[in-house]
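below is the sequence, then the predicted model.
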Amino acid sequence: MKGKIEIDQELCKGCGLCIQVCPKKQIEFSDALNKKGYYPASFKERDRKTTEKLECTGCALCAIQCPDVAIEVYREEKEQSTTAKKAAPTDE
Amino acid sequence: MKGKIEIDQELCKGCGLCIQVCPKKQIEFSDALNKKGYYPASFKERDRKTTEKLECTGCALCAIQCPDVAIEVYREEKEQSTTAKKAAPTDE
Amino acid sequence: MKKVFARPESLKLTPFHYCPGCGHSIIHRLVSEVIDELGIRERTVGVPPAGCAVLAYNYFDVDMAEAPHGRAAAVATGIKRVRPDLVAFSYQGDGDIAAIGTAETIHAANRGERITAIFVNNAVYGMTGGQMAPTTISGQVTTTTPLGRAPLRDGYPLDLSEMLGIAAGSVYIERTSVSSPKWINKTKKAIRKAFMVQLEDRGFSLVEILSPCPTNWKMTPVQSIRWVEETMMTIFPPKVIKDVA
Amino acid sequence: MKKVFARPESLKLTPFHYCPGCGHSIIHRLVSEVIDELGIRERTVGVPPAGCAVLAYNYFDVDMAEAPHGRAAAVATGIKRVRPDLVAFSYQGDGDIAAIGTAETIHAANRGERITAIFVNNAVYGMTGGQMAPTTISGQVTTTTPLGRAPLRDGYPLDLSEMLGIAAGSVYIERTSVSSPKWINKTKKAIRKAFMVQLEDRGFSLVEILSPCPTNWKMTPVQSIRWVEETMMTIFPPKVIKDVA
Amino acid sequence: MSETKEKKKDKKLMRGSHVLGEAAIRAGCRAYFGYPITPQNELPEYMAEQFAQMPDAVFLQAESELASINMVMGASIAGARVMTSSSSPGISLKQEGISYIAGMELPAVIVNMMRGGPGLGNIAPAQGDYFQATKGGGHGDYRLIVLAPAYGQEIADMTRQAFDLADKYRNPVMILGDGMLGQMMEPVVFPDPIDPAQLPAKPWTLTGCKGRPSRIIRSLWLDVNREEELNWRLVRKYEAITAEVVDQEMYLAEDAELIIVAYGTAARIAKGGVQRARAMGIKVGLFRPKTLWPYPSEPLARLADQVDEIIVFEMSTGQMVEDVRLAVEGRCRVSFYGRPGGVVATPEEISRVISSTHHRAHPKKVAGGRASGGSRLTVVG
Amino acid sequence: MSETKEKKKDKKLMRGSHVLGEAAIRAGCRAYFGYPITPQNELPEYMAEQFAQMPDAVFLQAESELASINMVMGASIAGARVMTSSSSPGISLKQEGISYIAGMELPAVIVNMMRGGPGLGNIAPAQGDYFQATKGGGHGDYRLIVLAPAYGQEIADMTRQAFDLADKYRNPVMILGDGMLGQMMEPVVFPDPIDPAQLPAKPWTLTGCKGRPSRIIRSLWLDVNREEELNWRLVRKYEAITAEVVDQEMYLAEDAELIIVAYGTAARIAKGGVQRARAMGIKVGLFRPKTLWPYPSEPLARLADQVDEIIVFEMSTGQMVEDVRLAVEGRCRVSFYGRPGGVVATPEEISRVISSTHHRAHPKKVAGGRASGGSRLTVVG
Amino acid sequence: MLLKSVFSGFGGQGVLMMGYALAVAGMEEDKHVTYLPAYGAEVRGGTANCTVVVSDEEIASPIASSPEFVVAMNYPSMAKYQNMVKSGGIMFLNSDLITETLPRDDVKVVLVPANTLAHEMGNDRVLNMIMLGAMVRVTGIVSEESLSQAIETVLEGKKRSLVEINQKALAKGAEYIAAHN
Amino acid sequence: MLLKSVFSGFGGQGVLMMGYALAVAGMEEDKHVTYLPAYGAEVRGGTANCTVVVSDEEIASPIASSPEFVVAMNYPSMAKYQNMVKSGGIMFLNSDLITETLPRDDVKVVLVPANTLAHEMGNDRVLNMIMLGAMVRVTGIVSEESLSQAIETVLEGKKRSLVEINQKALAKGAEYIAAHN
Ligand SMILES: Cc1ncc(C[n+]2csc(CCOP(=O)(O)OP(=O)(O)O)c2C)c(N)n1
Ligand SMILES: Cc1ncc(C[n+]2csc(CCOP(=O)(O)OP(=O)(O)O)c2C)c(N)n1
Ligand code: SF4
Ligand code: SF4
Ligand code: SF4
Ligand code: SF4
């Protein structure tokens, strides 16, 4: 796993946009309501069926799309990314 | 003389625009103030110097330009001009 | 000899209060002539502004309803919406239509209100004594731009008609002038066309007319019509801005 | 592993009050990131609107001054004129900027005020519960267009940015979207550029951002970002509308 | 409000905003211009929905409150029964237009569902716009007729009355409520609908000058003498309205030693307070102005001779209290209790205010003690 | 107004509007936002001319009154001494913004050179905006400090005072005049100019959060309790202002049996009337409120105990008369004489009103006789 | 008789419909009624609640400062109203979302597992009518017939099947009370 | 002493400057003065006029309902003010434009051919100062030195020659009075 994310369960409003944009399909809704009454998203490290470890690349697309800034993204330090901002990918 | 104009001395405010646009230079300021305190325009049938009769064509340019609708225009009835409006010339 | 030019029926005999050489009264006459020619005098309602033409209701022999400064488009909208059989036109100065009335004008146009706006652009606030208008050109001296309009401080002249051209509901927008008989005749044609757009129920129409204000320009009437042609027209070129076929 | 994505400094930790899937908070984050990156947090004043973003002052960690509905451009003008050393941005919804605030926006742009407007176009009045906005598209159902917006009755959607492009004092106008990470990144670039125009003292800049309002569109968040791309973008195509070099 | 069995069928549980809209339509209103603002959006939404089915009716969501009040002006000029609505900040924006409409003597119905202020404030029920409504927030000498309903049924009845009064006196009429009245549902029986075509013709409207001389509806009177004439004509009209239109509810006032004066939402709460205080044996009554302008000064003055003290309760820091003092003119003590900013007092709270007022000896002046929450009871006269 | 020989040199014959502008600049005002309207254009024109020479000063002709009041809001937020001016219809358009500015507790100076109304009206001197200025034409509970100069010198002095009060109390201040005061030239001596850089710092302004936490200037208070708190805080502030700021002129009041109350232009005319009436041997005095809000109720109430009757003279159909009645509260008879719509009464006329009031026996109620020209004298209390 | 009830929960739990149905039922019994929704703040989010007053006489104030009955569909609602309920009143709690106990002993508590019961009925959305059925069975503010009748008015124009499932839900709630109290 | 003067004429005849100069002269003599122009209606056209009050004491009203002196530069001005002049007052008429006679015998009339005199001076525009010079010579409201001095203030920043021609015009008006009355 080259990357991972942390989703703040109380900030998350369960909009599902991160789930929609994750290229690795590595985010799902959790079963439990949070305090605000939403079913928050949660990061699945393993595939439910195969229980295989999934391959989050730390691309941060989920975090970029997340309206509630509920996601923090971590990536293995290989490239020269000194600030968080510079690491945010652009498509151009 | 194919045409003539009548200038209402009390409506006229002496702006001089008719004088400016008359192609025959046949309008001039009069010497007497009107009741509003303006020197109104007046139609000169003859040239001051030569006393020649001038040739108003009834082109109505003065009336078209006159801001105070102080000028009425008359023309010899040759053409088929049934209403005053149709007779107003256009340049196109 | 036959009378070939006389006062139109829709224009009352009342002498104008305008200054010598003012363009407003020429435009009044043209609108009246068009109303006469279209035979709509008895179903027209005019909406004069606050501005030098505030007394326009004394001149037009049609029903006239005074609007607050800048709100003529809204007032005309109210009239026309509840009585679509009427012909509604607003008559507005540049300050009225393009400064305080910007929102009302743009939205009426964008909604495609079936109203006709006569927009008299004299590059200055006439009625209030010669302050800067939205259409005052750069460098022009007015009482609130004593050293001449400086765009950095006072903003640029605003081209409202061009913006209205973008409005989805506008059908016909033309800029003309009353600076010569030739232009006056063009203006009359444009006014006629603008009213026709309304009569054909097609949408919003507007004629912007460059018009001299010798008093506040501190010019003679003759100088002022020259200034329209030589200076104003370079900033506000007369043209058909929009004409939806 | 290293943290590569985190909350920007100019964004307070306060949880957003926005609905799930709302675009406002994405845009808040982008503006905050730009402020951080340009290092202007300590000299920026934001002007939030009335609208769903009315509480924006709770989120941005910069000086914030609430404007009456529609008047953000005027308030920002007041601030910037007396303190040209500050960076002033307005944050406005479509109703705020393109309906009630039409005149203030157009004139601020035309004067070339050195302010930056963030214009959030969600095609609806969010805060007040889903009425028609100036940007509501034809046929769209809202609480005041229960049968869908009918241009003949309700007017057409208004393209304010296009009109602002004509304003002489506007320097940079771009329309973007937050409907996908790709568009979000483009939006951030546009916001950055808009602030740069102000920092370079060049004139008025504005970024119009197509933004989902799942609540009032009666869609799921996922449906709503699709609707932005599939429907809204056909009426409001993202593009650089003006960029004076 | 007692209904026959027949009418029961017509009884509808509706929210106040919808009641107002329905009553307007039944009064022959076929034109609405407005701009959204909470807490009155349910009214334009109702109009939009209903008018969508009525081909000749005009619903237009304007670009602003300014535009909408001027559209109202236009529609009224062309003869329509026309309405607009808004809430506090939006009503402020309409003040110029309202001054014009009043000065031009045009009928129009303007609804203000007040909210907490000043400024953007909040959307909770409040009564901070009393002065604006009754004294004229716009420029110049003019008056609106101001009706203050307190019940769903009264919203229905007063809306009908508003249109009738507007036409009769050629004067704008304001219905002054708040979000609670607009949102609350109560059973309502509507009056029969009027066909607008059957309304009396208005001989002053602008509809094209066919078969008559052209008309002018104007607002400019450069000749000061004509402007003065207009002003006095308006005064005479206002006197006639005052004589004919004033209305109030008196509740348990006959034997009262103490009177609480309140209108609208505040009056409902006050009534609850009065009931509680009566249960405690305090002889207190309620005086509820139903017309805020013209103000029911004379009936109130008569009551003032009977009671020891009048408590004015407003959801503001004290505005109507001035009209009470003007009516009473020293005849009895007047004290004020206010909860501004959108706070809704409880009947219990009001009964406490009543009983503490009743039980205190009557000193000349009581310091303005601030109750919890910032409310205050002050003796002001 | 007695001047030393030295000061004579500084005496300038200037029109009121220019005096106001010059005094504002000398008070450290470096920002003006406005929109033209007669009869106050000479003021923005003066500001434009002067500021054109002052590189740091901001003159901006806005696109409307709405824009200008909101620019004032912005400039005040950023810490400037800022002014706007207009006349009646334009002031109506500013009401929403004024409510915000008052609610946000921002200092600002707003000039209203009133004209005949309602509606477009005319540009002659009138006093029909008294209610709007003093009771709050905008929504919600707020108050402006309202200063009413009557002389050129007072325009200079009160303008300085207006800026000082605005800053001191963080409250908008209105200078209420009319075209006559604005156009009239009188000799004036100006106070020494203030360097804006020397003014006390304002610790609440928004100027970027360098070296401190970020600040918010807001107007929304969704929590009704905080909104109520704000409202009561404003009330306490208004009480402090009332205690400290009230001001009035009394002229020949000491032995008066009859008092005429008038402000601004009307007060000058009334003074002429009083002089004429005194010449006829009538013991009449003038009470001239210089602050309209806070209103000098207490000094007036004291006078009420001394005199038989108070005549209120306004260039309106009767607005300030309510404040007089509230002050007097039945202590003496109050009658009203009005000339609305831009009519300027003459001192002769006022002296006639005084003498007829003085000579009539004191019946309980006098019918509101309309004098020629529509003016009226009514006993209202 | 004058009874004030407050209904409160998350947006989406149908609390407004509960109050509305009760008010309609009261009206159809010719009682005086007021229904007052706490209209949303001008911003998004938050919980929904409404107040219903049913009375034999004209209702002065529609405000329920100390309601006889409170229906809380989630914990924040319970927390908000637990101190306001009148002494001797009743609090109805959705026991599926509320596990906390009420810190008052002068108020009766009725627990209804509304989510579970709705799920049993195969329609998660009718939890509100289940709760209402239970509440009316306990309080008797209106008759159960009127209430069932009211659903027809409330859902006027909606599908027949929808009306029926809601009416069944009312009955289910009432039955739950019969079985458990 | 409190003296009210009204100056009236066509726009362009310089009537406002007449009043202004008189007021400045009064101020420079340390008198109390007010100068009140009838500010143009918000529409164009019409005549101009102004009122000047010069007094030893504070001036209450700047309005001249019955002025001691009226200067009328054209017939409409005469017509407007002929009934307002105080009995015993003086009316100054520009006899070049006014041929009508005053229908009152309690008012003194002073005729000044201001246009002609100005034309004689070779500057048509100074007719106002000629009239003012004549008026002050007759009335003595201020001293002629103060008046001449006032021109310097009034035309501050203008060309010296302009100041001089205006001062000469004042003198010319005064001389005309000396010669003809
Ligand atoms: C609300 C309001 N603001 C300002 C004015 C003053 N006013 C009257 S007309 C006018 C503008 C005049 O300029 P324009 O519209 O260009 O017309 P013009 O007089 O040049 O024909 C202004 C500012 C007013 N009457 N009402
Ligand atoms: C003068 C005034 N009018 C109306 C309102 C009510 N209001 C608040 S926000 C808003 C519009 C919201 O729509 P938009 O600007 O598009 O922003 P969004 O909420 O969609 O983000 C309105 C009409 C107000 N606060 N003030
Ligand atoms: S995008 Fe953010 S708020 Fe939405 S589900 Fe994912 S983490 Fe939660
Ligand atoms: S154009 Fe008309 S107003 Fe002007 S001078 Fe000629 S006749 Fe007179
Ligand atoms: S001021 Fe200008 S626009 Fe107005 S009437 Fe005179 S010339 Fe015409
Ligand atoms: S209503 Fe729409 S714009 Fe407002 S917070 Fe919700 S989703 Fe966002």
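Arrived safely. Numbers count the residues shown, from 1 in each chain, chains lettered A, B, ... in the order given. Ligands and ions are numbered 1, 2, ... in the order given.

contacts and neighbour counts: CA atoms only from here.
OK.

quick one: contacts for residue G:80?
For residue G:80, the contact set (C-alpha atoms under 8 Å, 6 or more residues apart in numbering or on different chains) is empty.

confidence score at the residue most central in space within chain C?
Centroid-nearest residue in chain C: residue C:119, 2.1 Å away (criterion: C-alpha atoms, centre = their mean). Per-residue pLDDT puts residue C:119 at 98.

name the SS class of it, please.
strand (DSSP: H, G, I helix; E, B strand; the rest coil).

find the closest residue to ligand 1 in chain A.
Closest residue of chain A to ligand 1, C-alpha to the nearest ligand atom: residue A:67 (42.8 Å).

is residue E:313 in a bridge, and if so with what?
residue E:337 (DSSP bridges).

surely it meets residue E:338?
Yes: when contacts are counted by C-alpha atoms under 8 Å, residue E:313 is listed as touching residue E:338 (5.7 Å).

ok, the two, which is more surrounded?
Neighbour comparison, residue E:313 and residue E:338: the larger count goes to residue E:313, with 28 against 25 (by other C-alpha atoms under 10 Å in any protein chain shown).

which residues touch the more buried one?
E:260-262, E:266-267, E:270, E:336-338.

flag the shaky bits of chain G, pLDDT-wise.
Chain G contains residues with pLDDT under 70 at G:40-46, G:181.

repeat that for 90
Within chain G, the segments meeting pLDDT under 90 span G:1, G:10-13, G:38-48, G:61, G:63-65, G:76, G:97, G:124, G:180-181.

now do chain C
Along chain C, the model assigns pLDDT under 90 to residues C:1, C:245.

hey, where'd the helices end up in it?
C:23-38, C:72-82, C:94-95, C:102-111, C:151-154, C:160-166, C:181-199, C:214-217, C:221-227, C:233-235 (DSSP state H).

how about TSV for those, with mean neighbour count added?
As requested, those are exported to TSV (neighbours: other C-alpha atoms under 10 Å in any protein chain shown):
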stretch	mean neighbour count
helix C:23-38	22
helix C:72-82	30
helix C:94-95	30
helix C:102-111	28
helix C:151-154	18
helix C:160-166	22
helix C:181-199	22
helix C:214-217	20
helix C:221-227	20
helix C:233-235	14
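
make a markdown table out of those helices and add distance to residue F:126.
Compiled in a markdown table, the helices of chain C are given as follows (distance: least, C-alpha to C-alpha, whole Å):
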| stretch | distance to residue F:126 |
| --- | --- |
| helix C:23-38 | 30 |
| helix C:72-82 | 26 |
| helix C:94-95 | 26 |
| helix C:102-111 | 30 |
| helix C:151-154 | 32 |
| helix C:160-166 | 36 |
| helix C:181-199 | 40 |
| helix C:214-217 | 28 |
| helix C:221-227 | 36 |
| helix C:233-235 | 41 |
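
residue F:107 is nearest to which of the ones you listed?
Closest to residue F:107 of the helices of chain C is helix C:151-154 (C-alpha to C-alpha; 24.3 Å).

looking at chain A, which residue is nearest chain F?
residue A:36 (19.5 Å; C-alpha to the nearest C-alpha).
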